[in-house]
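In: Just a sequence and a predicted model for now, questions to come.
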Amino acid sequence: MMVPPTMIEMWTTMGSTLASFMFVWAIIRQYCPYEVRRYFEKYTHRFMGFFYPYIKISIHEFAGDRLKRSEAYAAVEAYLSVNSSKSAKRLKAEMGKDSNNLVLSMDEYERVTDEFQGAKIWWVLSKVVSPARSMSYYPEQEKRYYRLTFHKRYRELITDAYLEHVVSEGKEIRVKNRQRKLYTNSPGYKWPSYKQTMWSHIVFEHPARFETMALEPEKKQEIIEDLVTFSKSKDFYARIGKAWKRGYLLYGPPGTGKSTMIAAMANLLNYDVYDLELTAVKDNTELRKLLIETTSKSIIVIEDIDCSLDLTGQRKKKSEKSSDDGKEKLDKEISRKEPKEESNNNSSKVTLSGLLNFIDGLWSACGGERLIVFTTNYVEKLDPALIRRGRMDKHIELSYCSFMGFKVLANNYLKVENHPMFDTIQRLMEETNMTPADVAENLMPKSPSDDVDKCLSSLIQALQETKEEAEKKNAEESKEDDELIKENAAADPKDNNKETEKEIL
Ligand SMILES: Nc1ncnc2c1ncn2[C@@H]1O[C@H](COP(=O)(O)OP(=O)(O)OP(=O)(O)O)[C@@H](O)[C@H]1O
Ligand SMILES: [Mg+2]
């Protein structure tokens, strides 16, 4: 008759089986070739699977034979770097991306625990060493991977919700920590065929922020809200079936903060900036190639779009000629930006339709959030097709400095929020036009001994001079106009008579 074993007997049997198993395993690890070890491991795992209530998931650094680092691995690494720096005992420190601080992450074979909706999860960073291949130049390769272990009762929770949570949080941490870049397509540089990208980049470290911009507070708030809403609207854009992109047109006289605002936008949203120099683009195909290479979470900037290329459009060319005459004044002001005769003669063959096709067509094909920003001093010069809503969704005018704008600059440059001289400055600002760039320049201390009073007096003087200059110019212009009328009248006495008749009547 079979007698059921007592608990003690059962544990003893299991213990001795385990001990012999461990002994065999130790011998195999020590003496057997790699292939045998793998074979043994495989069947051991199957055997253990019957009794073992835990599930393991591995996330490898390099999936398959791919040379590119797995995105999932990078996301897990970022997620755990926050978690492990608090709880892990063995950490490794690496120089951060801005080379200023050390970033901590868990060391190899270190374990950290995490909790998610009541489930406990254990993470470990491990590695497998694949032996050097015979007759090969490649040395031993270390392949690192993260492994998470959890009880099988949480299978669905972990595979569905937890992993998604880890990856999305990790990605967010990576975006926050990443060093942002300013890309440019350098003109006059011949790209060698082996070079994979047509962009070159430097680290983007512009200090501009919306808080330090001289702008009406309501306008500033509206722009910030628009940008933040855009960056959080992934689901909304997906629902309405629109590509996740938004176009901004910044226009206004030189020195009113258009370029500064682009930097502030990038800093607000944590985006990279692609500064696209259209005159350096050979043709539409090259333009397309450049734009396909841009990544998500970026701002594509085309500065001075009116001067960049002949983008004013074929349609307008003839009819515009006469109406352009009256706009000479502003033309002169921005003439420094018009070396573009040469751009028409150079090899660039990017056309308006090429650019429009890109804005409309390509956007729909590539996912991810992108802003496209055009700047111009002369909005009327642009083809309406280029700036219609849908292409350039938001038109922002940046204009001369207002008193509110001045107060922001005074706080930035001199750390003053109020001063007896402010009243005079307010009056002068209402009477004359000065760009924020000029106001800022006047507020800048010129020597270490320059105090607040000195800087504000210098601004008042500059404002008075600008006002006098404008008045003088106006007087000269009206004098010229009077002379012109007189000349016309002298040349055509009939008209003169009519004028006199009108006056008598
Ligand atoms: N609104 C503003 N707020 C704060 N600073 C400003 C502002 N506008 C201009 N500035 C200052 O003036 C300088 C020039 O401004 P910016 O280059 O942004 O002008 P812009 O509008 O791009 O001119 P342009 O049309 O010539 O390109 C900046 O370095 C910045 O310090
Ligand atoms: Mg600019």
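Out: Looks like it arrived, so ask away. Ligands and ions are numbered 1, 2, ... in the order given.

In: Output the contacting helices and strands for the helix or strand residue 463 falls within.
Out: Assigned by DSSP states H and E, residue 463 falls within helix 452-491. Helices and strands touching helix 452-491, by 3 or more C-beta pairs under 8 Å, 6 or more residues apart in numbering; DSSP states H and E, are helix 403-414, helix 422-431, helix 436-443, helix 493-504. Every C-beta, even on glycine, is put in place using the N, C-alpha and C of the backbone.

In: Would you mind measuring from residue 416 to ligand 1?
Out: For residue 416, the distance to ligand 1 (C-beta to the nearest ligand atom, to the nearest Å) stands at 16 Å.

In: chain center to the helix holding residue 463: distance?
Out: In terms of C-alpha atoms, centre = their mean, to the nearest Å, the centre of helix 452-491 is found 43 Å from the chain centre.

In: Give me the angle between it and helix 422-431.
Out: Angle of helix 452-491 versus helix 422-431, following axes from the mean of the first three to the mean of the last three C-alpha atoms, to 10 degrees, is 20 degrees.

In: buried set for helix 452-491?
Out: Buried residues in helix 452-491, counted by 16 or more other C-beta atoms under 10 Å: 452, 455-456, 458-460, 462-463, 466-467, 489.

In: Where does the residue in the stretch 251-400 of the chain that ligand 2 sits nearest to sit: helix, strand or coil?
Out: Relative to ligand 2, the nearest point of the stretch 251-400 of the chain is residue 259 (3.3 Å; C-beta to the ion). Look at residue 259: counting by DSSP: H, G, I helix; E, B strand; the rest coil, its state is helix.

In: Next: residue 145.
Out: Here residue 145 is recorded as strand under three-state DSSP.

In: any idea how far residue 151 is from it?
Out: 21 Å (C-beta to C-beta, to the nearest Å).

In: Who has more neighbours out of those two?
Out: Neighbours per residue, other C-beta atoms under 10 Å: of residue 145 and residue 151, the larger number sits with residue 145, 19 against 13.

In: Could you tell me which residues make contact with the more buried one?
Out: Contacts of residue 145 were listed using C-beta atoms under 8 Å, 6 or more residues apart in numbering, and they are 58-61, 73, 125-128.

In: Just give the closest residue to it, not the sequence neighbours.
Out: Once flanking residues are discounted, residue 145 sits nearest to residue 60: 4.3 Å by C-beta to C-beta, 6 or more residues apart in numbering.

In: what about that neighbour, how many residues close to it?
Out: That count, for residue 60 with other C-beta under 10 Å as the rule, works out to 18.

In: can I assume it is in contact with residue 74?
Out: No. Shown here, residue 60 and residue 74 do not form a contact pair, counting by C-beta atoms under 8 Å, at 11.6 Å.

In: Get me the contact residues on the chain for ligand 2.
Out: 258-259 (C-beta under 5 Å from the ion).

In: residues in contact with whatever residue of the chain ends up closest to ligand 1?
Out: Nearest residue of the chain to ligand 1 (C-beta to the nearest ligand atom) works out as residue 257 at 2.8 Å. Shown in contact with residue 257 (C-beta under 8 Å, 6+ apart): 213-215, 398, 436-437.

In: Quick one: the contacts of residue 145 as CSV, columns for secondary structure and pLDDT too.
Out: Output for the contacts of residue 145, formatted as CSV (DSSP: H, G, I helix; E, B strand; the rest coil; pLDDT from 0 to 100):
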residue, secondary structure, pLDDT
58, strand, 91
59, strand, 90
60, strand, 89
61, coil, 84
73, helix, 88
125, strand, 89
126, strand, 87
127, strand, 83
128, strand, 79
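
In: So among these, which ones count as buried?
Out: The neighbour count (16+ other C-beta under 10 Å) marks 59-61, 73, 125 as buried among the contacts of residue 145.

In: Find me the pLDDT at residue 44, would you?
Out: On pLDDT, residue 44 comes in at 73.

In: Revised request: answer the last question for residue 477.
Out: Per-residue pLDDT puts residue 477 at 84.

In: residue contacts, it?
Out: Contacts of residue 477 were listed using C-beta under 8 Å, 6+ apart, and none were found.

In: Where does residue 40 fall, secondary structure wise?
Out: With DSSP H and E as criterion, residue 40 is part of helix 34-49.

In: Please name every helix or strand in contact with that helix.
Out: Using 3+ C-beta pairs under 8 Å, 6+ apart, helix 34-49 is in contact with helix 7-31.

In: all helices for the stretch 101-250 of the chain, in order.
Out: 155-156, 163-177, 217-231, 234-240 (DSSP state H, counting those that start in this stretch).

In: mind putting the ones you listed in CSV, mean pLDDT included?
Out: Listed next are the helices of the stretch 101-250 of the chain as CSV, based on pLDDT from 0 to 100:
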stretch, mean pLDDT
helix 155-156, 92
helix 163-177, 86
helix 217-231, 95
helix 234-240, 88
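
In: residue contacts, the residue nearest to the spatial centre of the chain?
Out: Residue closest to the mean C-alpha point of the chain, counted by C-alpha atoms, centre = their mean, is residue 271 at 1.6 Å. Each residue near residue 271 by C-beta under 8 Å, 6+ apart is listed here: 180, 265, 297-299, 369, 371.

In: Go again with 6 Å.
Out: By C-beta atoms under 6 Å, 6 or more residues apart in numbering, the contact set of residue 271 is 297-299.

In: Just name the shakiest helix or strand of the chain by mean pLDDT.
Out: Least confident helix or strand, the chain: helix 314-324 with a mean of 39, by mean pLDDT, DSSP states H and E.

In: Now do residue 203: how many residues are near it, please.
Out: 11.

In: per-residue pLDDT, the closest residue to residue 173 other than its chain neighbours?
Out: The shortest distance from residue 173 to any residue other than its chain neighbours is 4.2 Å, reached at residue 78 (C-beta to C-beta, 6+ apart). pLDDT recorded at residue 78 is 86.

In: Which residues belonging to the helix or strand where residue 78 lies are considered buried?
Out: In this assignment (DSSP H and E), residue 78 forms part of helix 71-87. Under the neighbour-count criterion of 16+ other C-beta under 10 Å, helix 71-87 has 72-81, 83-84 buried.
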